[in-house]
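S.K.: please find the sequence and the predicted model below.
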Amino acid sequence: LRRRVLRGEQTLLGIAALAADEVQVVVAGAIVAGGRVLAARRSAPASLAGRWELPGGKVDPGESDAAALTRELREELGVEVEVGEQIGPDVALGPRRVLRCLRARLLDPTRPIEPTEHDQVRWLTADELDEPDWLDADDELLPHLRTALAAR
Ligand code: DCM
């Protein structure tokens, strides 16, 4: 794990030297409700299917991070959210791509989650965060998610 994190840090140093429009940001939502965070299991591509992530997707050119996350969560889960602060650091996904986790609050917490691209969703307490088989980048955010869950 330590070697992977260090490699990620070196990649991030490289990314810091790039102009903003040369970096692809992937936003992911930490949807927190009732002391739990929503995890979603990928169904595609085959190489990632079965692994868990914080739902989200790529920011389009000219789009804000918050607008992109709002759009992605509406498309993927059928929910409306208010986007809050970043949780944890940007995590390198590749030489020009980072994962950025943002807090997302459900506008209507009673409305059921209706996943269109994931085959399972799960609400996790802080104690359950380690249970899913997370994507590598999401796994690095877990300590920060745990702190965010404890905060409220
Ligand atoms: N990704 C990730 N963690 C997330 C969301 C996405 O590591 N929480 C990665 C998986 C893909 C890329 O970002 O390599 C783009 O995601 P998507 O295929 O959902 O657009």
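M.R.: In hand now; what should we look at? Residues are numbered from 1 along each chain as shown.

S.K.: and Asp133, how far from the ligand?
M.R.: 13 Å (Cβ to the nearest ligand atom, to the nearest Å). Quick note: C-beta positions are derived from backbone N, CA and C, even for glycine.

S.K.: then Leu141?
M.R.: 8 Å.

S.K.: what about the residue nearest to that residue when sequence neighbours are not counted, which SS state?
M.R.: Computed as Cβ to Cβ, 6 or more residues apart in numbering, the closest residue to Leu141 that is not its neighbour in sequence is Gly88, at 4.6 Å. The three-state assignment at Gly88 reads coil, by DSSP: H, G, I helix; E, B strand; the rest coil.

S.K.: His144 is in contact with Gly88, correct?
M.R.: Yes: using Cβ atoms under 8 Å, Gly88 is in contact with His144, at 3.1 Å.

S.K.: tell me the confidence at the residue at minimal distance from the centre of the chain?
M.R.: Centroid-nearest residue in the chain, with Cα atoms, centre = their mean: Ala28, separated by 2.6 Å. Ala28 is assigned 99 on the pLDDT scale.

S.K.: for it, give the beta-bridge partners.
M.R.: Gly56, Cys101 (DSSP bridges).

S.K.: thought it was touching Leu54?
M.R.: Yes: Ala28 lies in contact with Leu54 (Cβ under 8 Å); the separation is 3.8 Å.

S.K.: please enumerate the shared neighbours of these two.
M.R.: Cys101, Asp138, Leu141 (Cβ atoms under 8 Å, 6 or more residues apart in numbering).
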